[in-house]
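Chemist: sequence below, structure please.
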Amino acid sequence: MINPIERITQKRIVQLFKEQLGYSYYGNWEDRPNNSNVEATYLRRFLQKQGYTNTLVEKAISEVTQLATSNAGNLYDRNQKMYNLLRYGVKARPELGEQFETIFPIDWKNWDNNEFGIAEEVTLNNKQHNRRPDIVLYINGIAFGVLELKRGTVDIAESVRQNISNQQEVFSQGFFTTIQMILAGNNTQGLRYGTIETPEKYYLAWKEDELDNEDYKLDKYLKKLCERSRVIDILYNGIIYDAGVKKLPRPHQYFGLKAAQDFVKRREGGIIWHTQGSGKSLMMVMLGKWILENIPNSRIVILTDRTELDDQIERVFNDVGETDIAKTKSGKELMHYLQASKPRLICSLIHKFGNKNETDFEAFIKELKDNPIQTQGEIFVFIDECHRTQSGKLNQAMKAILHTAVFIGYTGTPLLKVDKKTTMDVFGRYIHTYKFNEAVADGVVKDLMYEGRKIEQNLTSQSKVDQWFDAKTKGLNDFQRNELKKKWGTMQNVLSSKGRMEKIVADIVVDFSTKTRLASQNGNAILVAGSIYEAAKYYNLFLQTEFKGKCAIVTSYNPNASDISLEDTGATTDTDKEFIYKIYTKLLKNVSPKGNKSKTETYESDVKELFRKQPARMKLLIVVSKLLTGFDAPPCSYIYIDKKMQDHTLFQAICRVNRLDTDDKDYGYIIDYMELFGQVTDAIDVYTSELDSEGFSNDEVSIQLKDRLKVAADRLEVALETLEALCENVPLPKSDLDFIKYFCGNTEIPEDLKSREYKRMALYKTIVEYIRAYANMTTDFELAGYNNKQIKHFKDRLDFYLNVREVIRIASNETIDLKVYEADMRFLLDTYIRADESEVISPFEDISLLDLMETDMDEAIDALPDSVKGNKEAVAEVIENNVRSKIVEDHLLDPKYFDEMSVLLTELIESRKRAAISYQEYLIRMAELVRSVNRGQKDDIPKSINTKGKVALYHTLEDEALALACDYEVQYAKQEGFRDNLMKQRKVKNAIKRVIEDEDLVEQIYQIIEQHKEDY
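Modeler: Alright, predicted model coming up:
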């Protein structure tokens, strides 16, 4: 019997489909016999209306129905065959001996020709069990969607699980042969969508017009997702069968596809920036399929700059059924393909555009431009990780060869300032963006947590080391000794480096015993070493630990005897090359090559597969540069960085840990041994300044790297507060019996237990959250600032609620066994010993990188020398001098704005000297001034003022239209090298005069234009 509250919601949704979405109402089919996923009456009516002969109509209905009711094969295969039948049509002969004709059960080109219908309470008859979806959606009588609704007080996950349960063979699996879209909703959480066999964690929320807050979110997104033309578009262009997994597009993929289609129709190139882990490869597939189907004579060339990316792209297209893809083996083969009419899909490395024997590259490029090769078809070029391939000689060759092509770049990272000119020249503007913080908010990837660790390196006796060094270099002259010191540094560094690596190894081993995600063996990690030698050294060290057999090394090295043929020095110790060679020879000893792969390739493929699918058997991968891009491994939870990195490389590396996995993966953790925090902030600073010129705000590109201790403490306190609030209404004295009555009712009455089930589920879930939060803090309570009394309180409450959970579980006879968490807790509490090998040095608490870039005053003061920071007057003068220097440095870029900043600074200094404000108030106001100086613009800048040059014009002219007009005229009139040529300068000034009459103001504007070299 349907719940009365759910009935009200269901009636409202039925009316929504009828009145607002234009679906026909077929009725309540609870008692209707023989409900089917293909209702022949409706399908026949549609096909007859389309003008097919009766013979063809009946043959089409027969073939669709036969497949829809078949039990042959698994659900995925049957569903894929059905989708292909619906999308590409049924092939049938009107009469024996006549030509085959194609009958389309759905009119994909004219969506309004189709009949969209809904039925409610559709009983699905089964010999053993009946299931009854709340609402089924039909196109021409073919069931394409199922919607399960729950009342607002029941978690939407229950609707999702109901849908998943219905797909089991014992229930109604056969009905889902035709189903494309599976929906779950309630009034409080809105709508989630998936498709057949979608796991619960991958049910997605649609996201569109977020400012619209009129309706229930359920109603809002049903109208967005189930609007008839939108449904046809998603089903036709957005469904992917990817190597055994059926996928619907995420919102950013769908809207990225729509935006790209508009660009392609105009034959305009551009950049698709979708953050790491958000499905760029599938975006490539969807757009590629659309182009091949909709642009006559079109061909697609997919370019990457690394072999593993080339392999990945080929695999993704093959997995979705695009098997007619040519992977070039040489530049000659690539040229051959380009000049032939087929294949339509080509995958290649960008260096295939080079000419290895060409000594005069400029002459080579000129020859290509003067005598272009005759490529066949209309070529669209997709370039993966385009920020790495958009400049340089290879790119010039590519542009010369494919001079008529449309270029579309894909990237997972924002474009750096240094990339701007060449990237925009090659690709044009952004087609669509989906940034890291959006992906985190949408639950597409995990947020990142940062922890800096420092390992002190001290020697007990420097003089002994120096004596040893002198003894070992006896017989060398001064030059030789100096050259040796240049190569190796001092012996102190050499020796401490070995000790440091041992400490990092010990650190990681301890983490795998103490960090919940790693200790549970659900998660694993990557260690980034600074060189292949260091990676081999790390690998050798891990072989002496419990990681033997559960760690691997993946680098670009492939052992060859010629590597060491000249390495014998007569010494008893190995050279670097000998050491690497011996390590690799040993690890590859028992590897048998598979297929066309070498031993090294086979080894790498096997360990990557284990790392992805069996984290308990492959806990750690040691890498240098391989696998830091394009390697998706959901279990990967920690990345340990012992290599200097910056910009794109650093951002891509840390995003190896942000993939979704099991529920116990809350974050991706970055453990930094190289003090790279400043590099990250520098990179984001560059990204931000670049994006400002593209019209994006700081907030849109913020990467939330949170300090682990602060966030972990907040999580613990919130978990306990939530738990206490959940149990607040348990009557005093809150004995076992009181808890049983509150959470179970009368345990002998099944209805009592059932009615309180949601309370118990909430209790269990919240206790697990508290266990995880407590486990995460076990080793760090004191570091986080808790005293012994507070620590004891958290421990006592944990014990109390663990007891409560056991009492409730046993009383209700529920077999939710969470002992794995309890065992882990005991392990952490009883066996962990604080390691002194490393010191946590995370410098900031719960603050985003962009906030940091706006300067934290306390941190700024704390960074001053001890001789200064104890003196308030000295502190103030240091700050003031720094701010004034920044104002003077940037004054020419935007004179009016920085004049105002200078005035504010002077007023603030005078207020301090007159003691008109307190020192604390002075610091607060100074921090705000620093933020304004760093931001470089006023708060109320119009959206159209989206470059630094336009901002300066707007500040000076105080008029949006004038600033935009001025920018437009200058962009049109300026010529290359105008800053060094009086005639060209005059053209720019004349362009300004067309907008502004005041001669003095014209000169001011010109000076601003001249300073903004990036924009003009």
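Chemist: any idea how far residue 258 is from residue 269?
Modeler: 17 Å (C-beta to C-beta, to the nearest Å). Every residue, glycine included, has its C-beta placed from N, CA and C.
Chemist: neighbour count: the two, which is higher?
Modeler: Neighbour count, other C-beta atoms under 10 Å: between residue 269 and residue 258, residue 269 has more, with 20 against 13.
Chemist: please name the bridge partners of the closest residue in space to that one that isn't next to it in sequence.
Modeler: Excluding its sequence neighbours, the residue lying closest to residue 269 (C-beta to C-beta, 6 or more residues apart in numbering) is residue 407, at 4.2 Å. Beta-bridge partners recorded for residue 407 (DSSP bridges): residue 381.
Chemist: wouldn't residue 407 be in contact with residue 427 here?
Modeler: Yes - between residue 407 and residue 427 a contact is recorded at 5.4 Å, counting by C-beta atoms under 8 Å.
Chemist: and the residue lying closest to residue 247 once chain neighbours are set aside, how many neighbours?
Modeler: Excluding the flanking residues, the one nearest residue 247 by C-beta to C-beta, 6+ apart is residue 240, at 4.6 Å. If you count neighbours by other C-beta under 10 Å, residue 240 ends up with 21.
Chemist: kindly report the same for residue 788.
Modeler: 9.
Chemist: quick check: it vs residue 272, distance?
Modeler: The gap separating residue 788 from residue 272 is 54 Å, by C-beta to C-beta.
Chemist: try residue 399
Modeler: 19 Å.
Chemist: neighbour count: these two, which is higher?
Modeler: residue 272 (28 against 18).
Chemist: what pLDDT does that one get?
Modeler: In the prediction, the pLDDT value recorded for residue 272 is 89.
Chemist: hang on, it in a strand?
Modeler: Yes - counting by DSSP: H, G, I helix; E, B strand; the rest coil, residue 272 is part of a strand.
Chemist: that one is in contact with residue 408, isn't it?
Modeler: Yes - under the criterion of C-beta under 8 Å, residue 272 makes contact with residue 408 at 6.7 Å.
Chemist: what sits in contact with each of these two?
Modeler: Taking C-beta atoms under 8 Å, 6 or more residues apart in numbering as the criterion, residue 272 and residue 408 both touch 260, 431.
Chemist: which SSE is the closest residue to residue 382 other than its chain neighbours in?
Modeler: Distances taken as C-beta to C-beta, 6+ apart place residue 302 nearest to residue 382, at 4.6 Å, with adjacent residues excluded. Assessed by DSSP states H and E, residue 302 sits inside strand 298-304.
Chemist: what packs against that strand?
Modeler: helix 280-294, helix 307-319, strand 345-349, strand 378-383 (3 or more C-beta pairs under 8 Å, 6 or more residues apart in numbering; DSSP states H and E).
Chemist: buried ones in the first one?
Modeler: Neighbour-count burial for helix 280-294, with 16 or more other C-beta atoms under 10 Å as criterion, is recorded at 280-292.
Chemist: tell me how far it is from the chain's mean position?
Modeler: 20 Å (C-alpha atoms, centre = their mean, to the nearest Å).
Chemist: output the contacting helices and strands for that helix.
Modeler: Right, helix 280-294 is packed against helix 228-237, strand 240-242, helix 251-265, strand 270-274, strand 298-304, helix 307-319, strand 378-383, strand 406-411 by 3+ C-beta pairs under 8 Å, 6+ apart.
Chemist: wait, which of those is closest to residue 629?
Modeler: For those, proximity to residue 629 was assessed by C-beta to C-beta; helix 307-319 is nearest, at 7.4 Å.
Chemist: can you name the element that comes right after that closest one?
Modeler: According to DSSP H and E, the helix or strand after helix 307-319 is strand 325-327.
Chemist: low pLDDT regions in the stretch 651-800 of the chain?
Modeler: Applying pLDDT under 70 to the stretch 651-800 of the chain picks out residues 677-708, 778-780, 783.
Chemist: so where do the helices sit in it?
Modeler: 677-692, 708-726, 736-744, 750-755, 757-777, 788-811 (DSSP state H, counting those that start in this stretch).
Chemist: save those as TSV, and put in distance to residue 15 too.
Modeler: As requested, those are arranged in TSV below (distance: least, C-beta to C-beta, whole Å):
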stretch	distance to residue 15
helix 677-692	44
helix 708-726	36
helix 736-744	38
helix 750-755	30
helix 757-777	28
helix 788-811	41
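Chemist: for beta bridges, what are the partners of the residue nearest to residue 382?
Modeler: Listed by DSSP bridges, the beta-bridge partners for residue 302 are residue 347, residue 382.
Chemist: need the contact list for it.
Modeler: 284, 288, 313, 317, 345, 346, 347, 348, 381, 382, 383, 384.
Chemist: and for residue 901?
Modeler: 887, 929, 932, 933.
Chemist: closest to residue 152 out of these?
Modeler: residue 932 (45.1 Å).
Chemist: ok, back up a step: pipe the contacts of residue 302 into a markdown table and attach pLDDT and distance to residue 662 per row.
Modeler: Shown next, in a markdown table, are those (pLDDT from 0 to 100; distance: C-beta to C-beta, whole Å):
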| residue | pLDDT | distance to residue 662 |
| --- | --- | --- |
| 284 | 87 | 28 |
| 288 | 89 | 32 |
| 313 | 67 | 28 |
| 317 | 72 | 29 |
| 345 | 88 | 36 |
| 346 | 87 | 39 |
| 347 | 82 | 33 |
| 348 | 80 | 37 |
| 381 | 87 | 39 |
| 382 | 87 | 33 |
| 383 | 83 | 34 |
| 384 | 79 | 29 |
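Chemist: which of these sits closest to residue 117?
Modeler: Set against residue 117, the nearest of the contacts of residue 302 by C-beta to C-beta is residue 288 (33.4 Å).
Chemist: count of residues packed around the residue nearest to the closest one when sequence neighbours are not counted?
Modeler: Spatially, and ignoring its direct neighbours in sequence, residue 288 is nearest to residue 300 (5.1 Å; C-beta to C-beta, 6+ apart). Using other C-beta under 10 Å, the number of residues around residue 300 comes to 27.
Chemist: likewise for residue 733?
Modeler: Residues near residue 733, counting by other C-beta under 10 Å: 7.
Chemist: ditto for residue 784
Modeler: Neighbour count for residue 784, taken as other C-beta under 10 Å: 16.
Chemist: again with residue 745
Modeler: 18.
Chemist: hmm, back to that, tell me how far the residue nearest to residue 247 lies from residue 83.
Modeler: 10 Å.
Chemist: likewise residue 192?
Modeler: As for residue 192, its distance to residue 83 is 21 Å (criterion: C-beta to C-beta).
Chemist: this completes my enquiry, with thanks.
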